[in-house]
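J.: sequence? don't have it. structure:
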């Protein structure tokens with residue numbers, strides 16, 4: 001089984017529905033997952049932040065078959081401040097995942113870092129949009145893991 005972590009910072013432009021970049025990213029992620037699961041089962045691990053991370057999780061449940069999804073949530077109330085439609089999508093995806101992993105119970109200063117550390121340590125391969133910050137970029141670069149850029 002190939003374990004793939006999806007990591008990217010939130011792109012505010014996409015959240016407003018602006019630009020075609022989101023459509024292009026969707027197609028790149030879909031194609032990458034289809035190609036990866038031709039040879040073996042893919043275990044996709046997503047922290048479910050808005051943007052590429054949720055998009056990849058949505059594609060994983062849409063494709064099904066040889067793609068399994070783990071939602072590795074940084075903290076319990078992650079979607080608390082999101083719009084109603086974003087929360088509906090978030091909970092719909094979580095309901096359909098294979099495994100839900102709660103990294104920390106409450107939001108803390110290092111919740112996101114702990115979550116990304118979990119993803120990088122567990123994955124064989126990293127699907128990367130844009131690293132959320134310099135610490136996460138360094139974590140990815142020092143991991144020695146193969147990276148697919150979206």
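T.: Done, it's in. Worth saying up front: this structure is predicted, and the values here are computed from it rather than measured.

J.: Quick check, residue 148 in contact with residue 123.
T.: No. With contact taken as C-beta atoms under 8 Å, residue 148 and residue 123 are classed as non-touching, separated by 11.0 Å. The C-beta positions use only the backbone N, C-alpha and C, and glycine is treated the same way.

J.: Could you check which of those two is surrounded by more residues?
T.: Taking other C-beta atoms under 10 Å, residue 148 and residue 123 do not tie; residue 123 has more neighbours (22 against 15).

J.: and the more buried one, what are its phi and psi?
T.: phi -80, psi 150 (degrees, to the nearest 10).

J.: residue contacts, it?
T.: Contacts for residue 123 (C-beta atoms under 8 Å, 6 or more residues apart in numbering) come out as 3-5, 45, 145.

J.: taking those residues as a set, which two sit the farthest apart in space?
T.: Spatial extent of those (C-beta to C-beta) is set by the pair 45 and 145 at 12.2 Å.

J.: And these two? Which one has more around it.
T.: residue 45 (29 against 17).

J.: Longest helix in the chain, please.
T.: What stands out as the longest helix in the chain, according to DSSP state H, is helix 21-36.

J.: sorry, back to before: out of the contacts of residue 123, which comes closest to residue 70?
T.: Nearest to residue 70 among the contacts of residue 123, with distances taken as C-beta to C-beta, is residue 45, at 4.6 Å.
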